[in-house]
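Q: Pasting a predicted model and its sequence here:
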Amino acid sequence: MRPGHDESPFNALPASVVVLALFFFGVEMALQLGARGLIGGPNAIGWRIALMREFAVIPELFRTLWEMGLWPLEHLLRLVLYPCVHGSFTQMVFVVVFVLALGKLVGEQFGPWTVIAIFVGSSVLAALLYLLIVPGNQPLVGGFPGAYGLIGAYTFILWVFLGQLGQQQSRAFSLIGFLMAIQLVFGLLFGGGYEWIADLAGFAAGFALSIVLSPGGIARIRDKLRQR
């Protein structure tokens, strides 16, 4: 019998990764049970739609607020809270898979709670770019931009590693290229919206945040500025 063979698989994951995954799973389970009338009473059937209305990042809404010069806290919080609710069970599953797989790698390299910082930071920055670029009224919900932020952090780790080995660092971007290609194919076959903009922005934000949040990142930036 190997020591520790009966330990929970969650022991190998950073606590922050477990917290994120369980949070998304818990919210989705509540929505699924509510939609089936198992909890919450009759009103629970519309919980998902209600949460999406409450938390979604909506370009037209923010443009109106900009023109009026009004920034109520309840709407600014949408930039942080929109990843809490997903459009479907399938979307949640993919987000949780990304969080578990990539969050573990990022947490081991950067520290466990940096995972949440990158996820939240990437989500906020992606939402801001989404608001600047996307026309119309298509809402943004779900954790994909934050998950793509973790992909950006993983890409940064691989990019640094390949550089240390003296190998071609562009190989680090193979994963994001593959994922964007899949999104393009699905968009052409089944139609799609502008979510890919937020996903790509989340990836770029995660990569950029990793430059600062990685161990010794601020010191490296300071050294480069001094060299100039």
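A: Yep, that arrived.
Q: buried stuff in the helix or strand containing residue 60?
A: For residue 60, the element it lies in under DSSP states H and E is helix 59-68. By neighbour count on 16 or more other Cβ atoms under 10 Å, the buried set for helix 59-68 is 59, 62. From N, CA and C alone the C-beta is placed, and that goes for glycine too.
Q: could you dump it to CSV, C-alpha only?
A: This file holds the C-alpha atoms of helix 59-68, laid out as CSV (Å, rounded to 0.1, in the frame of the first residue of the first chain):
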residue,chain,number,x,y,z
PRO,A,59,-22.4,47.1,-24.0
GLU,A,60,-25.5,49.3,-24.6
LEU,A,61,-26.1,49.7,-20.9
PHE,A,62,-22.6,50.9,-20.2
ARG,A,63,-22.7,53.2,-23.2
THR,A,64,-25.8,54.8,-21.8
LEU,A,65,-24.2,55.2,-18.4
TRP,A,66,-21.2,56.7,-20.0
GLU,A,67,-23.3,59.3,-21.9
MET,A,68,-25.2,60.1,-18.7
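Q: which residues are in contact with the helix or strand following that helix?
A: Proceeding N to C from helix 59-68, the next assigned helix or strand is helix 73-76, under DSSP H and E. If you take Cβ atoms under 8 Å, 6 or more residues apart in numbering as the criterion, helix 73-76 is touched by 61, 62, 65.
Q: correct me, but residue 60 touches residue 136?
A: Yes - using Cβ atoms under 8 Å, residue 60 makes contact with residue 136 at a distance of 6.8 Å.
Q: ok, now which ones touch the residue nearest to the spatial centre of the chain?
A: Residue closest to the mean C-alpha point of the chain, counted by Cα atoms, centre = their mean, is residue 146 at 1.0 Å. Applying Cβ under 8 Å, 6+ apart to residue 146 gives the contacts 83, 95, 118, 119, 120, 122, 123, 126, 202.
Q: Now, those residues that are in helices?
A: 95, 118, 119, 120, 122, 123, 126, 202 (DSSP state H).
Q: Could you tell me the average pLDDT over stretch 186-201, please?
A: In this model, stretch 186-201 has an average pLDDT of 81.
Q: Residue 82 touches residue 126, doesn't it?
A: No - contact between residue 82 and residue 126 fails when scored by Cβ under 8 Å: they sit 9.7 Å apart.
Q: quick one, which of those two is more surrounded?
A: More crowded of residue 82 and residue 126, by other Cβ atoms under 10 Å: residue 126, with 31 against 28.
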